[in-house]
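*Asks:* how would this look folded up:
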Amino acid sequence: MSKLSNLCEAILFLKGEPVSLKEIERLLEKGTEEIKEALSGLRENLSLRGIRLLEDNEKYTLVTAPEIGSVVKKLAEESSNPEIGKAGIETLAIILYRAPITRAEIDYIRGVNSSFTLRSLLIRGLIERKPHTEDDRVYLYEPSLALFQHLGITEREGLPQYQIVKEEIAKIFENGEK
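*Replies:* Model prediction:
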């Protein structure tokens, strides 16, 4: 596998979500044909492993191989603990008070990578992921209607100290730190 294929794999792994061909080209400062060739090499290399390269409309992501679906399902069931944990609660609070918000903004506020936490919250149906209208390289996260229903509120303003917390979060970004 080529060095460029390895770099593509690293980008897809670290992003943890679909990445457009244009974004990969920009990050690696390479042309379309070079990147497509590298991705083809990556696809071939992964064909014998537990991970596959999925392409949809010139967006690429890493997924588990279909033949290990039963193991993945078992693992998912074991990890679907009813408790969402501290990271899940933190992330939900940020999304509730700041949405719509990108993963990078969530990571910035939390100080850690939130990819796995976001994936868990998406699987549970507590948040929704929508394409960013101004930047097709990222997604926006918002609370789901199921989350509002679970919390027993009909609008964000019904959250405890909504305005105060919202203003405090906004200050983080206003101070030029982001």
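*Asks:* Break down this protein into its strands, ranges please.
*Replies:* Counting by DSSP state E, the chain has strands at residues 19-20, 51-56, 59-64, 101-102, 127-131, 139-143.
*Asks:* Check those for me and report the most buried one.
*Replies:* strand 139-143 (a mean of 21; mean count of other Cβ atoms under 10 Å). For glycine as for every other residue, the C-beta is placed from the backbone atoms N, C-alpha and C.
*Asks:* name the helices or strands packed onto that one?
*Replies:* helix 85-98, strand 101-102, helix 103-110, strand 127-131 (3 or more Cβ pairs under 8 Å, 6 or more residues apart in numbering; DSSP states H and E).
*Asks:* Domains in the protein, by residue range?
*Replies:* What automatic domain parsing lists as the domains of the chain is 3-67, 80-177.
*Asks:* now the last one: mean pLDDT?
*Replies:* Per-residue confidence for domain 80-177 averages out to 86 on the pLDDT scale.
*Asks:* same question, stretch 7-14
*Replies:* 93.
*Asks:* what's the answer for stretch 60-73, then?
*Replies:* Computed over stretch 60-73, the average pLDDT equals 83.
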